[in-house]
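Asks: Task: produce atomic coordinates for the following.
(2 chains)
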Amino acid sequence: MSAPGPSSEDFGARLSFDRGVPGRRAVDVPRWDGEAAPLPDARLLRGSLRLPELSQGELVRYYTKLSARNYGIDSGTYPLGSCTMKYNPKVDDLVASLRGLAGAHPQAPPEEVQGTLRTLLELQRGLGEISGLEAVSLAPAAGAQGELAGVLMITRALEDRGELAQRRRILVPDSAHGTNPATAAMAGFTVTQIPTGADGSLDRATIERELDGSVAAVMVTVPNTLGLWERGIEEVAGLIHDAGAYLYGDGANLNAIMGRVRYGDLGFDVAHLNLHKSFSTPHGGGGPGAGPVCCSTELARYLPIPVVTECDGGVVRFAEPERSIGRLQQFNGNVGVLIRAYAYMRALGLEGLRAVSGQAVLNANYLRVLVGDHYDLPYDRPVLHEVVFSGSRQRRTHGVPTYDIAKRLIDHGFHPPTVYFPLIVEEALMIEPTETEPPEAIEALAEAMIAIADEARSDPETLHGAPWSAPIGRLDEATAARRPVLRWQPDLGDGS
Amino acid sequence: MAPSEPTGGSPHPYIPATEADRARMLERVGVADVDALFADLPAAVLDPTIHLPPALAEPELVELLAERAAANAVAGRPDFLGAGAYRHSIPAVVAHLTARSEFVTAYTPYQPEISQGTLQSAFEYQSVVCELSGLDVSNTGLYDGASATAEACLLASRVTKRSAVALLEPIHPGTADVVGTYARGAGLRVDVLQTPEAVRADHACLVVQQPDFLGAIVDLEPIAEGLHADGVLLVAVADPFALGMLRAPGDAGADIVTGEGRDLAGPPQSGGPSLGLFAGRSTFLRQMPGRIVGRTRELHAPPGGGEPRTGYVLTLQAREQFIRRERATSNVSTAQSLIALAFTITLQALGPRGLREAAELSYQRAHDAARRIAALDGFETPERGPWFSEFLVRGPMPAAELAAALRARGIGPGFDVSDRPEPEARQALLFSVTEATPEAHTDALVEALAEIGGAA
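Replies: Okay, the predicted model is just below:
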């Protein structure tokens, strides 16, 4: 156990559990001074409970110090590709925490929560307009749950068509997010991978060859994870429909096209949106998010419970579509996140959303041209919201993997981009600046990347050991997985 | 004199680039205007008509949402609705600490060197959930209690290689619905049982709610023993607040414990953001859904000298979708991290004695309310054995009429369970009284019921 002290402390070695002192407490609980009912039989009751015993000030200091060991959008540029890490407006948090909204009980009768329901209704309608798929359920808690909803809706539609037994395959591009094939498998389908062609779009010949009576759906991300427009997607949609299958849209990259082109108009049957990406609700270190699912009128009757509807007399209610896939959660979805997304939509309006997508795309292209001479660009054409570089030149010539480049960016004050994804790009560095970064920040990021490319030539050792300025150095992930330590125990010691 | 707006300013407070910035950037990129960057998009469907309400400035936005908040029923009135969402006293430090933007605006911690705040907090969370549940391994949290329970059924099916699961009544209907949704996708049969003895040897697991949907405390141990004889796993859906007082389900034989953590994180928010607790036996480690954080050390000694320091990383990622793709244990990616942080801080602020005291205060306040209501003419509080802090009330009139009469008196009634098959639920409302229910609210309820009973 290391000695306490501001700089030499091995902060991570001592959890709140280790810092407590028996008898200390952070809050009081009122006493019961009425007639005491006897407690249930002791066999039903807990013996001991191990939780830390800290005073209020100690607890606040511990978590405040922990927060200082984190990096968020508010700390600096966070160009994590495919994650749309843009500035999160603070007014969204404020309105979501208004007592009348935050305090609403999930099972309150609709007449008592019209303020919440009206807000959800308007968000639902707005997302229908933006996606071009007018039927919407706000229920899914995150993108992956939206995907599951969409694929289960397709399952149910095929069941009603009497074709579910034959249609057991889902086609997924090799550039897809991992959630796509995982979702297809969770819904009981087998996955066929479609390769990406030389221009960065889906290989048309493979799609045409694979599309037969055994295909239930094709899951496509537009723009794709290379940051490129999926050329000819509207024609591919026609081929898919001719083959009796459905086209699923992963809306993770909506930020590139908001207000300019719509999934419905392109021929998608169903798509999910990630409100913690495009609609700028905070990501919270890994959620909560929201992944509403939007679909054509044909699929509307399969939407998950609940959908929001306006009844005669203007009363808004939660409703159950007639052939719904069912509930995805016990209640109504991440309503607090949905209210934030509504506030974002209202703050921007259509012109604002178009300005968002325009600037997001310009920022990605600006970075592309500023850095393009120093890193490989496997698909060298104008991009949309993100640009994927390859560090293969640095790897081959100087023995510096992308991993090192990413870690060195931390020393320059940036959060690293997404690395080694998409899987089809060697040594990938996937960078999404978003519209909320000023040009000066993009120029600074470009300068840092160029400096690191120079360093790869002149001083690769410095890169191998980076970061040097973070709260902690590179961690031993192999041992973590081989000998898992996953919870506090009194004898956990110093973590070795 | 107000400053005049410069022409060509930034288009919105959230978008910094001005007209001049854009001109400079476009020139460098080598295109004439922003629209040219979208040249790949099909012209036939480009720039459609989209109907959205006009943009609002920040003060207008606040005003609009304040109106919406005011259109909801007055928060703070006596309200006895529970049935899956319970009001608890959340320490003030929770909202304060979880509002720190380094926590709020971070992504999933893919870069551990600058994400120790999120990672170490998640390790604290896993530790708290293991202590509460009496099990060895927790993930960092799933969407909500019901979807966590559905994931538990999928795990049970994978490890037992059985393709049916069973739910024990009384269980929250929302939980049963969600298990049904996930099970249909996975091709599992779902049976709803009235007694644990009805379990069959082809069931992967039996899901038991603790306390059950009508508030009764379940003795899990004999159920677990019966199930294990047939190789059936016990999944306990437990209220983590009640676990401050009740025996840890893992100690009673549960193999997986799930639960809803939202109510110990903050206000109900119409049900979400929620938090799905999920803990299991260590033998299920490589079958667990969701993210898991592990403790490790630096690869090298720090630059200033000394021993490699302790740190935390996402681990056992070979289970997850971004590595394993269609062979992943679940498709979960973004879950509910910030809510897990709030849940952790609440429990650590309460500490071992505070949580026990709060749970017992709930128990006492609820039993006191039930005793006073049962003493009223025309009312009874049917019991199904020992119970925690939710109880049935049967009045001299149909449940819906009783509920309406309470609403007319400015009191939020309990949940209408009169359509349930259990005889105790006939004509009954299910009332929730917790440690956060002011005694004045209980007084108002008893008084209102006395009036209603007197008039009936």
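Asks: Break chain A into its domains for me.
Replies: By the record's domain assignment, chain A is partitioned as A:91-347, A:350-479 (automatic domain parsing).
Asks: mind putting the ones you listed in a markdown table, distance to B:Met25 included?
Replies: Every residue, glycine included, has its C-beta placed from N, CA and C. What follows is the domains of chain A, written out as a markdown table (distance: least, CB to CB, whole Å):
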| stretch | distance to B:Met25 |
| --- | --- |
| domain A:91-347 | 16 |
| domain A:350-479 | 5 |
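Asks: Which one of the ones you listed lies nearest to B:Ala279?
Replies: domain A:91-347 (17.9 Å; CB to CB).
Asks: Can you get me a residue count around B:Leu361?
Replies: Using other CB atoms under 10 Å in any protein chain shown, B:Leu361 is surrounded by 21 other residues.
Asks: For my notes, confirm it occurs in a strand.
Replies: No: in this structure, B:Leu361 is helix, not part of a strand, as judged by DSSP: H, G, I helix; E, B strand; the rest coil.
Asks: circling back to that earlier point, which of the domains of chain A has the highest mean neighbour count?
Replies: Mean neighbour count (mean count of other CB atoms under 10 Å in any protein chain shown) peaks for domain A:91-347 among the domains of chain A, with a mean of 23.
Asks: Straight-line length of it, end to end?
Replies: 10 Å (CA to CA, to the nearest Å).
Asks: One more: stretch B:413-432?
Replies: End residues of stretch B:413-432 are separated by 9 Å (CA to CA).
Asks: Could you do stretch A:156-175 as well?
Replies: 27 Å.
Asks: Find the least confident helix or strand in chain B, judged by mean pLDDT.
Replies: When the helices and strands of chain B are compared on mean pLDDT, DSSP states H and E, helix B:321-324 comes out lowest with a mean of 79.
Asks: can you give me the strands in chain B?
Replies: B:137-138, B:164-168, B:189-193, B:203-210, B:233-238, B:256-260, B:276-280, B:292-297, B:310-315, B:390-394, B:415-416, B:428-432 (DSSP state E).
Asks: Now mean pLDDT and distance to A:Glu235 too, for those, in CSV please.
Replies: CSV is the format used below for those (pLDDT from 0 to 100; distance: least, CB to CB, whole Å):
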stretch, mean pLDDT, distance to A:Glu235
strand B:137-138, 98, 48
strand B:164-168, 98, 44
strand B:189-193, 98, 42
strand B:203-210, 98, 45
strand B:233-238, 98, 48
strand B:256-260, 98, 46
strand B:276-280, 98, 41
strand B:292-297, 97, 43
strand B:310-315, 97, 40
strand B:390-394, 98, 58
strand B:415-416, 98, 53
strand B:428-432, 98, 56
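Asks: Counting by contacts, list what the top helix by length along chain A packs against.
Replies: Longest helix in chain A, counting residues (DSSP state H): helix A:335-371. Packing partners of helix A:335-371 (3 or more CB pairs under 8 Å, 6 or more residues apart in numbering or on different chains; DSSP states H and E): helix A:90-96, helix A:114-131, strand A:387-390, helix A:439-458, helix B:19-29, helix B:58-71.
Asks: As TSV, the ones you listed with mean pLDDT would be great.
Replies: Shown next, in TSV, are the helices and strands packed on helix A:335-371 (pLDDT from 0 to 100):
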stretch	mean pLDDT
helix A:90-96	98
helix A:114-131	98
strand A:387-390	97
helix A:439-458	98
helix B:19-29	97
helix B:58-71	97
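Asks: Need the three-state assignment for the residue positioned nearest the centre of chain A.
Replies: The centre of chain A sits closest to A:Cys83, judged by CA atoms, centre = their mean, with a distance of 5.7 Å. Per three-state DSSP, the local secondary structure of A:Cys83 is coil.
Asks: how about stretch B:367-385, does it reach chain A?
Replies: Yes: residues of stretch B:367-385 contacting chain A under CB under 8 Å from any CB of the partner chain: B:367-368, B:371.
Asks: Can you work out which other helices and strands pack against the helix or strand encompassing A:Ala217?
Replies: In the assignment (DSSP states H and E), A:Ala217 maps to strand A:215-221. Packing partners of strand A:215-221 (3+ CB pairs under 8 Å, 6+ apart): helix A:143-161, strand A:169-173, helix A:179-186, helix A:233-242, strand A:246-251.
Asks: Return the member of the ones you listed having the minimum mean pLDDT.
Replies: Between the helices and strands packed on strand A:215-221, the one with the least mean pLDDT is helix A:179-186; it has a mean of 93.
Asks: Which parts of chain B belong to which domain?
Replies: Split by automatic domain parsing, chain B gives B:92-345, B:351-455.
Asks: most packed of those domains?
Replies: Mean neighbour counts for these (mean count of other CB under 10 Å) peak at domain B:92-345, with a mean of 23.
Asks: got a list of what the spatially closest residue to B:Glu439 that is not a sequence neighbour touches?
Replies: Ranked by CB to CB, 6 or more residues apart in numbering or on different chains and with sequence neighbours excluded, the top spatial neighbour of B:Glu439 is B:Arg365, at 7.4 Å. Going by CB atoms under 8 Å, 6 or more residues apart in numbering or on different chains, B:Arg365 touches A:32, B:389, B:433-435, B:437, B:439, B:442.
Asks: Could you rerun that using 10 Å?
Replies: A:30, A:32, A:34, A:37, B:389, B:433-439, B:441-442 (CB atoms under 10 Å, 6 or more residues apart in numbering or on different chains).
Asks: What number of residues are in the vicinity of A:Leu39?
Replies: 14.
Asks: Now it. Nearest residue, chain neighbours left out?
Replies: Per CB to CB, 6+ apart, closest to A:Leu39 is A:Leu45, 6.5 Å.
Asks: cool, and B:Ala20?
Replies: In space, and not counting its chain neighbours, B:Ala20 is closest to B:Gly8: 6.2 Å by CB to CB, 6+ apart.
Asks: Reduced to three states, what does A:Ser278 come out as?
Replies: coil.
Asks: thinking it is in contact with A:His272, fair?
Replies: No: using CB atoms under 10 Å, A:Ser278 is not in contact with A:His272, being 11.2 Å away.
Asks: give the contact list for residue 283.
Replies: As the question left the chain open, I've gone with chain A. By CB under 10 Å, 6+ apart, the neighbours of A:His283 are A:72-73, A:78, A:80, A:83-85, A:88, A:274, A:276-277, A:289, B:104-108, B:334, B:337-338.
Asks: Hmm, no, I was thinking of chain B.
Replies: B:Thr283 touches B:136-137, B:159, B:255, counting by CB under 10 Å, 6+ apart.
Asks: swap the cut-off to 8 Å and go again
Replies: So B:Thr283 contacts B:Val159 (CB under 8 Å, 6+ apart).
Asks: I am finished for the moment; much appreciated.
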